[in-house]
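**Q** what's the 3D shape of this:
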Amino acid sequence: MAFTGGEVTGMLWSMSETAISVAEAAKDFLRVLDRVERRRESAILVREGKPVATLCPLPSPALTSAELAERWSKLDKLPSDEANAFADDIEAARRSLPPLKSAWD
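**A** Reported below is the predicted structural model:
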């Protein structure tokens, strides 16, 4: 079933949200929960044609420094000409900034 303007009309899996009846969700809760968890899609729970709740995935926990370092080491490196061009762009951007003012002035 799909939520459209306050009414439910059949089943529609949108890009990131699904409307599902409370009865259907209760009957097949593990499938609904699996879809929310694995596909990162929210589910709108509907009773008597009206949305009553949303089941949505929690944000992923932040990575630790060690996990970030491990990922960093596996990233593809820029070719030296692209890396140099990037460094030049950063320096040009820094030169275009106004000078820093002392916080004590």
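**Q** Just give me the neighbour total for Ser42.
**A** 16 (other C-beta atoms under 10 Å). (C-beta placed from N, C-alpha, C; glycine too.)
**Q** Pass me the low-pLDDT residue ranges in the chain, would you?
**A** 1-16 (pLDDT under 70).
**Q** in it, which spans are helices?
**A** Remark: helices assigned in the chain by DSSP state H are 22-27, 29-39, 65-74, 80-96.
**Q** List the neighbours of the shortest one that are in contact with it.
**A** Pointing back at helix 22-27 there. Under the contact criterion C-beta atoms under 8 Å, 6 or more residues apart in numbering, helix 22-27 has outside partners 1, 32, 43, 45-47, 52, 55.
**Q** Centre of the chain to that helix, how far?
**A** Chain-centre distance of helix 22-27: 26 Å, with C-alpha atoms, centre = their mean, to the nearest Å.
**Q** Just the CA trace of it, in CSV.
**A** Extracted C-alpha coordinates of helix 22-27, given in CSV (Å, rounded to 0.1, in the frame of the first residue of the first chain):
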residue,chain,number,x,y,z
VAL,A,22,0.1,-1.9,10.8
ALA,A,23,-1.6,-5.3,10.4
GLU,A,24,0.8,-6.3,7.6
ALA,A,25,3.8,-5.0,9.4
ALA,A,26,2.8,-7.0,12.5
LYS,A,27,2.4,-10.1,10.4
